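K.L.:
can you look at this prediction? I've put the sequence above it.
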Amino acid sequence: QVQLVESGGGLVQAGGSLRLSCTASGRTFSSRSMGWFRQAPGKEREFVATITWSGGSTYYSDSVKGRFTASRDNAKNTLYLQMNSLKPEDTAVYYCAAASPVFTTRLRVSLRDYDYWGQGTQVTVSS
């Protein structure tokens, strides 16, 4: 069992920045691909970013590419999402997710690829 706890959300003006963190319990974090997803009111949960177990590869949705950066610190069991040049359309609840503990370089972009989810953190971008 893995518990994920997100933090760092809040209210920011358009053009501003936020850094989300996701801390994982247990000893398997370093073997898991991790992902960030978001869900806006009335919309389905959508993929934002993924990072492989080593941090060697990342992949982003077109809507955030060039503005968001995913990273991880395996020694601290922590996943990050640096969000720059925020736009009102980035407003959503942001969730981190953990895939199965397999040392793979496959980039996981589907909700079905992930076994564990955090409770989410609200990001609101004002215009």
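P.N.:
It's in. Numbering: from 1, shown residues only.
K.L.:
how close does the spatially most central residue of the chain sit to Ala70?
P.N.:
The chain has Trp36 as the residue nearest its centroid, 2.3 Å off, counting by C-alpha atoms, centre = their mean. Per C-beta to C-beta, to the nearest Å, Trp36 is found 6 Å from Ala70. Just so you know, the C-beta spots here come from the backbone N, C-alpha and C atoms, and that holds for glycine as well.
K.L.:
circling back: against Ser54, how distant is the residue nearest to the centre of the chain?
P.N.:
17 Å.
K.L.:
who touches both of Trp36 and Ala70?
P.N.:
Counting by C-beta atoms under 8 Å, 6 or more residues apart in numbering, the shared contacts of Trp36 and Ala70 are Ala49, Thr50, Leu79, Leu81.
K.L.:
am I right that the first one is in a strand?
P.N.:
Yes. When classified by DSSP: H, G, I helix; E, B strand; the rest coil, Ala49 is found to be part of a strand.
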